[in-house]
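Trainee: mind folding the following:
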Amino acid sequence: MEEAKISAVGQRYLKLIELDTNEKVVCELRKHPFGLFLVYSIGFIVSLALVLATIFSALLFRNDPLELGGGGQSTVVVAITVVGMILTFLSLVMTAIGAFLYKSNVVFVTTDKVAQVLYTSIFNRKVSQLVLGDVQDITVEQKGPFARIFNFGTLVIETAGEQNNYVFTYAPNPYICSKIISAAHEQNIARFGN
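Mentor: Residues are numbered from 1 along each chain as shown. All right, here's what the predicted structure looks like:
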């Protein structure tokens, strides 16, 4: 099998995987950009809702009888504005964190194994490695019209034994990915037996 080119970001995560000297990376599988679009869209909508809620709340309380000395902004309006700005900022930060976590998930298919790097939070990372000989089945699920239109889906690699199945959502070109993993699995069995 031909060795795949690894992206600059992928090089950083490839260091987390134990590779033998003669082992080659066949495929780097990163999540589809459509999921990132969803992360940014939801973050934008939440931030916009917070800004609008802040503006409408401030307008509602602008004629508050508890004004600061002669014609200044009311304390309630100032408090609403400050809280609204803080919540909007936190919403934008959470969106950036969500985008970072989304882009950090990757699956590497090598000539010997399937390795998955999953970030569940900024501080929690899970690195799993599965020998290709332990792959039992590969399932592709495409749910909904967007998955079909933009050609992404969920890739499930079923394993032998007690190890959990590998589930990778928003996999681009999932049928091609499953074929690559199947071909690597068959070559591994031909080399090492079952």
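Trainee: any buried residues in the longest helix along the chain, and which?
Mentor: Ranked by residue count under DSSP state H, the longest helix found in the chain is helix 75-104. Residues of helix 75-104 classed as buried by neighbour count (16 or more other C-beta atoms under 10 Å): 76-77, 80, 84, 87-88, 91, 95, 98, 101-104. (C-beta placed from N, C-alpha, C; glycine too.)
Trainee: pLDDT at Y13, what is it?
Mentor: Note on Y13: pLDDT of 83.
Trainee: how close does I97 get to F123?
Mentor: 11 Å (C-beta to C-beta, to the nearest Å).
Trainee: show me how the chain divides into domains.
Mentor: 8-31+105-192, 37-100 (automatic domain parsing).
Trainee: tell me which strands the helix or strand hosting E158 pairs with, and in which orientation.
Mentor: E158 is located in strand 152-159, with elements delineated by DSSP states H and E. Here strand 152-159 has these sheet partners by DSSP bridges: strand 135-141 (antiparallel), strand 166-172 (antiparallel).
Trainee: could I get those as JSON lines with distance to H185, mean neighbour count and mean pLDDT?
Mentor: Conversion of the strands paired with strand 152-159 to JSON lines gives the following (distance: least, C-beta to C-beta, whole Å; neighbours: other C-beta atoms under 10 Å; pLDDT from 0 to 100):
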{"stretch": "strand 135-141", "distance to H185": "5", "mean neighbour count": "15", "mean pLDDT": "91"}
{"stretch": "strand 166-172", "distance to H185": "13", "mean neighbour count": "19", "mean pLDDT": "92"}
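Trainee: now L16, nearest residue through space, not along the chain?
Mentor: V127 (5.1 Å; C-beta to C-beta, 6 or more residues apart in numbering).
Trainee: ranges for the strands of the protein?
Mentor: 25-30, 106-110, 113-119, 125-131, 135-141, 152-159, 166-172 (DSSP state E).
Trainee: out of these, which comes closest to Q187?
Mentor: Nearest to Q187, of all these, is strand 25-30, at 9.1 Å by C-beta to C-beta.
Trainee: and that closest one, which strands flank it?
Mentor: Strand 25-30 is paired, per DSSP bridges, with strand 106-110 (antiparallel).
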